[in-house]
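J.: Quick one: sequence plus predicted model below, questions after.
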Amino acid sequence: MAISAEKIWTDFAESHQLTNKTFQTRWFGEQSNSKEVSELTDKILAGDKIATSKPLAYYSSKDEPIPQVGDYAVLLNADMHAVGIIETVVSELVPFFRVSAEHAYNEAEGKRTLEDWQERSKNKFAAQMNKYDRQFSTNDPVVCEVIKLVYRV
């Protein structure tokens, strides 16, 4: 039986005395691609995927706040069931071509090299921004985030 995101958050917040904190729900990958979401969720739960990135313009296009250090999110799996809680431990704005090899490796996708990350991300970011009638350029800034799994169901 699936536990609600609200219940997981309430239990976690109470046990960690987080009285003034709120949470969001979050999944990684395209929600329409359950295989991708499952793979990325498994990598987070295993401790392999500890980083992610999106173009800065994505956040304004979606009217979403940029992740901030100390933000919490209830991690959802491909079935949109809560499986854990993650915390943002680093959130920085980096020009696309200045993203580090360490960050690329920590995203735990593809070959885990900087060159592979640049090629895959260039295509992924262009497709993401195209959905909002915007262009992505490799001159654009990218929000690079490091996450930590702080609770697992």
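T.: Perfect, I can see it now.
J.: Please count neighbours and contacts with C-alpha atoms only from this point.
T.: Fine.
J.: Where does pLDDT dip in the chain?
T.: For the chain, residues meeting the criterion pLDDT under 70 lie at 1.
J.: Could you look up the SS state of the spatially most central residue of it?
T.: Residue closest to the average C-alpha location in the chain (CA atoms, centre = their mean): T52, at 4.9 Å. For T52, the assignment made with DSSP: H, G, I helix; E, B strand; the rest coil gives strand.
J.: Distance-wise, check it relative to F28.
T.: To F28, T52 is 9 Å away according to CA to CA, to the nearest Å.
J.: mind listing the helices in the protein by residue range?
T.: Along the chain, counting by DSSP state H, helices occupy 5-15, 34-46, 56-62, 101-106, 114-130.
J.: Only the C-alpha atoms, please, for stretch 20-29, written as CSV.
T.: Extracted in CSV, the C-alpha atoms of stretch 20-29 (Å, rounded to 0.1, in the frame of the first residue of the first chain):
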residue,chain,number,x,y,z
ASN,A,20,8.8,26.0,9.3
LYS,A,21,9.7,23.9,6.2
THR,A,22,7.4,23.0,3.4
PHE,A,23,7.9,20.5,0.6
GLN,A,24,7.1,19.8,-3.0
THR,A,25,6.6,16.5,-4.8
ARG,A,26,9.2,15.7,-7.5
TRP,A,27,10.2,13.1,-9.9
PHE,A,28,13.0,12.9,-12.4
GLY,A,29,12.6,12.3,-16.1
